[in-house]
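Chemist: kindly generate the corresponding structure for this input.
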Amino acid sequence: MEVVIVILALLFVAFVSLGVYVSVKAVGAAKRGVDRTISNARRTVEDTTLRARSLGQIGVAGELAQLRVRLRTSMRATQEILQAGVAEDASLSESVALFQRLSVHGRELDEELRRVERDPDRARVAEHLQELRERTERITHSADSLRWAARDRARKFAEDDLSSLSAQIDVESGALRHWSAPTAEPQRQGEWPESVERPERSEQHVVWPEPGNGSGPTTGPEAEPRAADEGQGSGQGQGQTQAIEPPGIRQRIAYPWQKRTGQARPETTN
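Modeler: Next up, the predicted model:
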């Protein structure tokens, strides 16, 4: 019984601890979201105010606002390009480290420009304005160099990838069009090819043997003497009465092309 109570107590403590941990994480995430939202809203308002000052004011105040707008715009654009490119190209990590060091100088200059804007001694501010202008130029030039180098690198990789892809597509297109190549027409059955000479047919006389002399026709030179003998015999026998064979003998003659039939059955007499 005590073991069950201990297990239940441990489960209760575990669930309470898990609930507290989840609550702390949720509160922290919500706080970070609120801070981020407030920071973005404050930055948007400040950027809008600076742009309005740079366009609406003249003199030292207007020039200081222009320097701040130029500095913020260049640093923010470079940061976005490097953060987006480092996820795909690990070689940009060194550029990101250099930009972080440059961002320190950029924030110091922005804070100094903000303090100078509030300084009531405009004559003294005008004396240091050239120095502030040179520092802003150096920082923005460095930020622009990193940004354009990252853009050129990404564009070069995209062009190389596109060229390789185009070459592969050309090869595949050629392979797909292979069916359209002219092919030889199939040769008909029974036709002689053009490269082979047709055999010349020799005219042969076919002489069928007389009944009882053979089982098949005779062709070739052996048939010519036999035909000649038959011609002579027919010439000598002209004018003489040919013997008429009785019908029984003609019926018993079997030619090679005739079908063999069974013997006639004898008639039965009652």
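
Chemist: now do stretch 85-103: everything it contacts.
Modeler: The contact list for stretch 85-103 (CB atoms under 8 Å, 6 or more residues apart in numbering) reads 75, 78-79, 82-83, 139, 142-143, 146, 149-150, 153-154, 157. C-beta: built from backbone N, CA, C; applies to glycine.

Chemist: so which of the residues you listed is the closest to Val4?
Modeler: Distances from Val4 to these, taken as CB to CB, are shortest for Gln83 (55.1 Å).

Chemist: that closest one: neighbour count?
Modeler: 12 (other CB atoms under 10 Å).

Chemist: again with Ser145
Modeler: Using other CB under 10 Å: Ser145 sits among 12 other residues.

Chemist: likewise for the one 5 residues further on?
Modeler: As a burial measure, Ala150 scores 21 neighbours (other CB under 10 Å).

Chemist: same question for Leu165.
Modeler: By other CB under 10 Å, the residues close to Leu165 number 10.

Chemist: tell me which element it falls in.
Modeler: Taking DSSP states H and E as the criterion, Leu165 maps to helix 122-176.

Chemist: ok, back up a step: in JSON lines, list the contacts of stretch 85-103 along with distance to Gly28.
Modeler: Shown next, in JSON lines, are the contacts of stretch 85-103 (distance: CB to CB, whole Å):
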{"residue": "Met75", "distance to Gly28": "28"}
{"residue": "Thr78", "distance to Gly28": "30"}
{"residue": "Gln79", "distance to Gly28": "25"}
{"residue": "Leu82", "distance to Gly28": "28"}
{"residue": "Gln83", "distance to Gly28": "23"}
{"residue": "Ile139", "distance to Gly28": "34"}
{"residue": "Ser142", "distance to Gly28": "36"}
{"residue": "Ala143", "distance to Gly28": "33"}
{"residue": "Leu146", "distance to Gly28": "33"}
{"residue": "Ala149", "distance to Gly28": "37"}
{"residue": "Ala150", "distance to Gly28": "33"}
{"residue": "Arg153", "distance to Gly28": "37"}
{"residue": "Ala154", "distance to Gly28": "35"}
{"residue": "Phe157", "distance to Gly28": "38"}
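
Chemist: below-threshold pLDDT in the stretch 101-250 of the chain: ranges please.
Modeler: For the stretch 101-250 of the chain, residues meeting the criterion pLDDT under 70 lie at 180-250.

Chemist: can you give me the helices in this structure?
Modeler: 2-56, 60-86, 93-118, 122-176, 223-236, 247-251 (DSSP state H).

Chemist: looking at the ones you listed, which is buried most?
Modeler: helix 60-86 (a mean of 18; mean count of other CB atoms under 10 Å).

Chemist: now the angle between helix 2-56 and it, please.
Modeler: If you take axes from the mean of the first three to the mean of the last three CA atoms, to 10 degrees, helix 60-86 sits at 130 degrees to helix 2-56.

Chemist: rounded mean pLDDT for stretch 14-31, please.
Modeler: Averaging pLDDT along stretch 14-31 gives 86.
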